Structures are given as C-alpha cells and as structure tokens.
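>>> Here is the input, now give the coordinates:
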Amino acid sequence: MEPRHLYAVTFGLGLALAGAAGGLYGTVSQINPYIGATLTAKCFAISIIGGLDNPLGVMVGGLFLGIVESLTTLYVGPTFADVASFGILVLVLFLRPSGLLGRAA
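Sure thing, here's the model as predicted:
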C-alpha cells in the first residue's frame, strides 16, 4: 500500500473512532461547550503517567489511574477523584519522570 493511502486510511480510522467515542460519551455525560477540558486533562495525565514513548505504558497508566479514581471515589468521595489522579501525576513526575514503563533518556 502506498504511504499516502495508508496515512489517509489511518487518519479516517482515527476520525471515525473519535466520532464514535464522542457520541458514546454524550450518552453518559451532559453535553456542554466545555466537555473536552476534563477529558483532555485526564488524557494528558494518563499519557505522562504511562510514559509518552510506550503505548503499553499508556494503557497501564490508564488502568492504574482508573482504579485509583474508582477507589478514591468509593472510600473518600467523588470530590477527591481529580485530586487523587493529579496527585498521582505529580508523584510519578517526581519519582519516575519517564513514566511508569517509560525508558530513561
């Protein structure tokens, strides 16, 4: 396959997945103009926690952050879920700047 066509196909697939994710997120959340701010901040935190150079690390970081947020919501309260996730982000940046599964530079 020609590289131009491969780029076009992957771009289209990414657009389709983003549209589907947005549509599905709209069914469980309230739609407003600022809906993307919290999701963007969470995605940033997950990417940094997992390590930017390792896709498996990003998946592990997402699972880890989801479990931490769920346990925080269950035992402490839903108000502190964001505090816990960004607290984990700060701890990872101090202890392992390359991420949980990232390689040292």
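
>>> At the geometric centre of this structure, which residue sits there?
In the chain, the C-alpha nearest the mean C-alpha coordinate belongs to Cys43, at 2.9 Å (C-alpha atoms, centre = their mean).

>>> how close does it sit to Val76?
Here Cys43 is placed at a distance of 23 Å from Val76 (C-beta to C-beta, to the nearest Å). C-beta here means a position set from N, CA and C on the backbone, and glycine is covered the same way.

>>> Met1 too?
51 Å.

>>> More neighbours: which of the two?
Between Met1 and Val76, counting by other C-beta atoms under 10 Å, Val76 is the more crowded of the two (12 against 6).

>>> Once you drop chain neighbours, what's closest to the more buried one?
Ala84 (7.5 Å; C-beta to C-beta, 6 or more residues apart in numbering).

>>> shouldn't that neighbour be in contact with Gly66?
No: contact criterion C-beta atoms under 8 Å: Ala84 and Gly66 do not qualify, at 11.2 Å.

>>> Would you confirm that Gly57 contacts Val92?
No: using C-beta under 8 Å, Gly57 is not in contact with Val92, being 10.8 Å away.

>>> tell me, what's touching those two both at once?
Gly99, Leu100 (C-beta atoms under 8 Å, 6 or more residues apart in numbering).

>>> all strands of the protein, in order?
For the chain, no strands are identified by DSSP state E.

>>> Give me the below-cutoff pLDDT ranges for it.
Residues of the chain meeting the criterion pLDDT under 70: 102-105.

>>> how about a cut-off of 50?
Scanning the chain for pLDDT under 50 picks out nothing.

>>> any idea where the helices of it begin and end?
For the chain, the helices defined by DSSP state H occupy 3-28, 35-50, 55-75, 81-95.

>>> The residue nearest to Val76 and Met59, how far apart?
Counting by C-beta to C-beta, the gap from Ala84 to Met59 is 20 Å.
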